[in-house]
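Asks: Quick one, fold the following:
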Amino acid sequence: MNRTKLSDIVGPEYTKLGFFREVQEKMGELETYNAELERKKQEIQDILNGIMDLLAVVSPDYRIVYVNKVFHDYFDIDEPKGMYCYEVFRGRSAPCRTCPLRTALQTGKPDRTSYLDPRSERNLRFEVVASPMFDDKGQVRTVLVSKRDVTMEKEYQAKYYQAEKMATIGLLAAGVAHEINNPLAAISGFSEALKRRIPALAALLAENADTTLLEDFTDYTTTILEECNRCRDIVGNLLSFSSQKTCKFNTINLNTLVADSVKILHHQIKLRPGINLVLELHPEAVTIQGAQGELKQVLLNLVLNAMDAIDSEGTITIRTSLDRPGHATLTVEDTGQGISPDKLGKLFIPFFTTKTKGHSIGIGLSICYNIIQQHGGEILVCSEPGKGSIFKVMLPTGFPGNNKEQNT
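Replies: Residues are numbered from 1 along each chain as shown. Below is the predicted model:
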């Protein structure tokens with residue numbers, strides 16, 4: 001005897017109707033589930049796009065699977081998916097020798113590194129962290145690469161270390177200068193006294209007709225006084241470098257400042273006929289708030305350094321411009337010998353100099369750096385051996401916040 005089925009009791013039509021109703025319910029549940037998945041996917045996407053670091057998911061064969069929105073702020077590639085990571089991030093045709101992604105794949109642990117990206121106009125420094133992501137079997141499925149732009153952080157860090165170093169050296173310079181000043185004053189004073197007594201000595205020696213002794217005596221005292229005066233200037237520069245005094249700031253037109261400085265340099269330039277001085281001044285007035293005497297000292301120092309960098313023939317260009325909002329730029333460019341990369345970072349350290357012995361004690365650029373800092377500005381150097389140097393002084397057009405004696 002056959003077993004009675006539900007369809008035999010309620011009829012096949014009712015059974016089909018129940019089946020379709022069940023299918024519709026399941027489809028509704030699936031649509032709800034898919035909508036929830038889509039919502040969670042979009043939520044994760046928004047979170048990843050909201051992270052300020054550049055994120056990329058990379059497969060074990062070094063192909064990019066996903067990037068967040070920050071990627072397009074640094075790379076002009078519309079669709080990087082499927083491209084090799086070393087091709088996109090480093091511009092290479094083969095995997096990098098030092099690769100945190102490879103280490104993460106091999107060890108299953110996060111790895112960190114940093115590198116300099118020289119492809120842009122401004123060198124960018126990135127810190128990279130590669131973190132492995134595992135499947136349900138514990139195998140590395142993909143690697144999450146996080147790239148953080150630490151360029152500005154490194155620049156401010158370098159400026160902080162430079163400021164700390166300059167402050168320490170400033171204290172040392174002040175102590176040394178004061179210690180030197182006392183015996184120097186005694187030497188200079190006694191030399192002046194001896195010089196005043198030369199006429200009396202001449203009268204005594206006239207009887208013996210011995211002029212050699214008088215000439216030597218005069219020559220020696222003159223030399224001592226000249227060297228004392230030179231040492232006095234050095235000590236004055238040291239004290240000026242180490243002091244934290246503030247100056248009265250007035251409204252200054254950089255174009256006028258350049259014109260006045262060129263008049264002072266006229267004699268120096270006349271002695272070097274092979275040097276061509278070019279002025280490229282902004283067509284409108286470039287006004288800032290600053291101490292005219294100190295800024296003139298900065299410009300004179302930069303131009304004189306540029307002259308020393310030129311062997312026999314070359315060009316020195318002085319520019320004024322308004323490149324950045326709220327800042328004026330004073331540029332001194334030369335076609336001289338240039339500066340090697342290993343010396344660029346030492347230019348503003350007191351007593352460091354690239355000139356030959358006897359031409360400089362290496363305090364000029366340190367004083368310039370100190371003056372620009374007091375004005376709330378910054379000084380940048382770009383140089384290449386054999387191709388000359390560019391010194392850019394950027395100054396705020398308003399009163400710096402750290403100046404307490406503003407002349408309104």
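
Asks: Which parts of the stretch 301-408 of the chain are helices?
Replies: For the stretch 301-408 of the chain, applying DSSP state H, counting those that start in this stretch gives helices covering 341-344, 364-374.

Asks: For the longest one, list every residue counted as buried.
Replies: With burial defined by 16 or more other CB atoms under 10 Å, the residues of helix 364-374 counted as buried are 364, 365, 366, 367, 368, 369, 370, 371, 372, 373, 374. In this view, the C-beta of every residue, glycine as well, is placed from N, C-alpha and C.

Asks: Let me know whether the second one touches residue 344 as I believe.
Replies: Same thing as residue 365. No: the criterion here is CB atoms under 8 Å, and residue 365 misses it with residue 344 at 11.5 Å.

Asks: Nearest the middle, which residue of the chain would you pick?
Replies: residue 155 (5.1 Å; CA atoms, centre = their mean).

Asks: List the residues that contact it.
Replies: Taking CB atoms under 8 Å, 6 or more residues apart in numbering, we find residue 155 in contact with no residue.

Asks: Residue 136 too?
Replies: For residue 136, counting by CB under 8 Å, 6+ apart, there are no contacting residues.

Asks: quick one, domains of the chain?
Replies: With domains defined by automatic domain parsing, the chain comprises 6-48, 52-149, 156-242, 250-396.

Asks: Make a markdown table from the ones you listed and add mean pLDDT to it.
Replies: A markdown table is the format used below for these (pLDDT from 0 to 100):
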| stretch | mean pLDDT |
| --- | --- |
| domain 6-48 | 68 |
| domain 52-149 | 84 |
| domain 156-242 | 71 |
| domain 250-396 | 83 |
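
Asks: Report the separation between the spatially closest residue to residue 340 that is not a sequence neighbour and residue 308.
Replies: Spatial nearest neighbour of residue 340, excluding adjacent residues (CB to CB, 6 or more residues apart in numbering): residue 385 at 5.4 Å. Residue 385 sits 16 Å away from residue 308, taking CB to CB, to the nearest Å as the criterion.

Asks: so how many other residues sit close to the residue nearest to residue 340?
Replies: Using other CB atoms under 10 Å, the number of residues around residue 385 comes to 12.

Asks: And residue 269, by the same measure?
Replies: There are 15 residues near residue 269, going by other CB under 10 Å.

Asks: Also residue 141?
Replies: Count around residue 141 with other CB under 10 Å applied: 15.

Asks: same thing with residue 320?
Replies: 22.

Asks: mind listing what it touches?
Replies: 254, 255, 258, 280, 281, 282, 286, 328, 329, 330, 331.

Asks: what's the farthest-apart pair in the residues you listed?
Replies: 280 and 328 (14.0 Å; CB to CB).

Asks: CA-only coordinates of stretch 373-384 in PDB, if you can.
Replies: What follows is stretch 373-384, C-alpha atoms only, in PDB (Å, rounded to 0.1, in the frame of the first residue of the first chain):
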ATOM      1  CA  GLN A 373      64.700  83.100  12.300                       C
ATOM      2  CA  GLN A 374      64.100  86.300  14.300                       C
ATOM      3  CA  HIS A 375      62.100  87.600  11.300                       C
ATOM      4  CA  GLY A 376      59.900  84.500  11.400                       C
ATOM      5  CA  GLY A 377      61.200  83.400   8.000                       C
ATOM      6  CA  GLU A 378      63.300  80.600   6.600                       C
ATOM      7  CA  ILE A 379      66.300  80.200   4.300                       C
ATOM      8  CA  LEU A 380      66.600  77.400   1.800                       C
ATOM      9  CA  VAL A 381      69.600  76.300  -0.300                       C
ATOM     10  CA  CYS A 382      69.700  74.400  -3.600                       C
ATOM     11  CA  SER A 383      73.100  73.700  -5.100                       C
ATOM     12  CA  GLU A 384      74.900  71.300  -7.400                       C
END
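
Asks: Could you pull out the buried residues of it?
Replies: Neighbour-count burial for stretch 373-384 [16+ other CB under 10 Å]: 373, 374, 375, 376, 377, 379, 383.

Asks: who wins for proximity to residue 300 among the helices of the stretch 301-408 of the chain?
Replies: Of these, the one closest to residue 300 (CB to CB) turns out to be helix 364-374, at 9.4 Å.

Asks: quick one: residue 80 and residue 89, what's the gap?
Replies: Counting by CB to CB, the gap from residue 80 to residue 89 is 9 Å.

Asks: higher neighbour count, the two?
Replies: Counted by other CB under 10 Å, residue 80 and residue 89 do not tie: residue 89 has more neighbours, with 24 against 20.

Asks: so what's that one closest to, chain neighbours aside?
Replies: Closest to residue 89 by CB to CB, 6+ apart is residue 147, at 7.4 Å.

Asks: distance between the helix or strand where the one you found lies and the chain's centre?
Replies: Using DSSP states H and E, residue 147 sits within strand 140-149. Taking CA atoms, centre = their mean, to the nearest Å, one finds strand 140-149 lying 28 Å from the centre of the chain it belongs to.

Asks: Could you list the residues in contact with it?
Replies: Against strand 140-149 from outside (CB under 8 Å, 6+ apart): 53-60, 65, 74, 85, 89, 100-101, 104-105, 108, 124-135.

Asks: rerun at 6 Å
Replies: 53-59, 101, 104-105, 108, 126-135 (CB atoms under 6 Å, 6 or more residues apart in numbering).

Asks: export that strand as CSV, just CAs?
Replies: Once non-C-alpha atoms are left out, strand 140-149 reads as follows in CSV (Å, rounded to 0.1, in the frame of the first residue of the first chain):
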residue,chain,number,x,y,z
VAL,A,140,48.7,34.7,3.8
ARG,A,141,46.0,35.7,1.3
THR,A,142,47.0,39.4,0.7
VAL,A,143,49.1,42.1,2.3
LEU,A,144,47.8,45.5,3.4
VAL,A,145,50.4,48.1,2.6
SER,A,146,50.1,51.4,4.5
LYS,A,147,52.2,54.4,3.2
ARG,A,148,52.4,57.5,5.4
ASP,A,149,53.7,60.8,4.0
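
Asks: Spell out which strands sit alongside it in the sheet and which way each one runs.
Replies: Counting by DSSP bridges, the strands paired with strand 140-149 are strand 54-58 (antiparallel), strand 124-134 (antiparallel).
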